[in-house]
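# Sequence and predicted structure are below.
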Amino acid sequence: MTMPHPDLVAVLAGLLCVLVVASAIGYVLERRLSPDGSHAVIENLNHRIRAWWVMIVLMGLALIGGKAGVTLLFAFCSFAAFREFITLTTTHRADHWALAVPIARTHSTIAALFVTQNAYPREALTEAILRFIEEDLATSGK
């Protein structure tokens, strides 16, 4: 495995320092002003700091995992954004799985549980995306 770029290490170290300081400030504020959890602003601040910890850890793991890790993180974020988009559009709740997962024709038992009257052929697109990722990862290792 190759060493990460020194600028990347500096940025990650800087983010780590900022998050440690923010966590300490949030802890002190919570202990002094909201020991019983009644101060909504401080609770919101601490939830946001924890969310940033999760984001930084996921991004760090993706960067450690190299190109495959970044690709998987991007795929997960894309899926989450797609689900959010579907939630905001005028689709029925029953359509969420049908739009997100290409199982309608390949797994009839599972499709009967999640998919209702939606036979859109997503298999070809999903297969093309996966083949592209596979080929790209294979050629990047050379």
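Arrived safely, thanks for sending.
# Pull out the buried positions in stretch 23-41.
Within stretch 23-41, the residues scored as buried using 16 or more other Cβ atoms under 10 Å are Gly26, Leu29, Glu30, Ser34. Heads up, the C-betas are built off the backbone N, CA and C, glycines and all.
# And the residue sitting furthest away from the middle of the chain, how far from Trp52?
For the chain, the largest distance from the centre (Cα atoms, centre = their mean) belongs to Arg32, which lies 33.8 Å off. According to Cβ to Cβ, to the nearest Å, Arg32 stands 22 Å off from Trp52.
# still on that earlier bit, check which helix or strand the residue farthest from the centre of the chain maps to.
Assigned by DSSP states H and E, Arg32 falls within helix 6-33.
# Next, work out how far apart Ala81 and Ala62 are.
In terms of Cβ to Cβ, Ala81 sits 16 Å off from Ala62.
# more crowded one of those two?
More crowded of Ala81 and Ala62, by other Cβ atoms under 10 Å: Ala62, with 19 against 10.
# Correct me if wrong: the more buried one contacts Leu73.
Yes. Between Ala62 and Leu73 there is a contact under Cβ atoms under 8 Å: 3.8 Å.
# quick one: secondary structure of Ser38?
coil (DSSP: H, G, I helix; E, B strand; the rest coil).
# The chain should start at 24 in everything you say after this.
Taking 24 as the first residue, the last one we looked at is Ser61.
# Flag the helix or strand of the protein with the lowest per-element mean pLDDT.
Lowest mean confidence among the helices and strands of the chain (mean pLDDT, DSSP states H and E): helix 118-123, at a mean of 56.
# Done for today, thanks.
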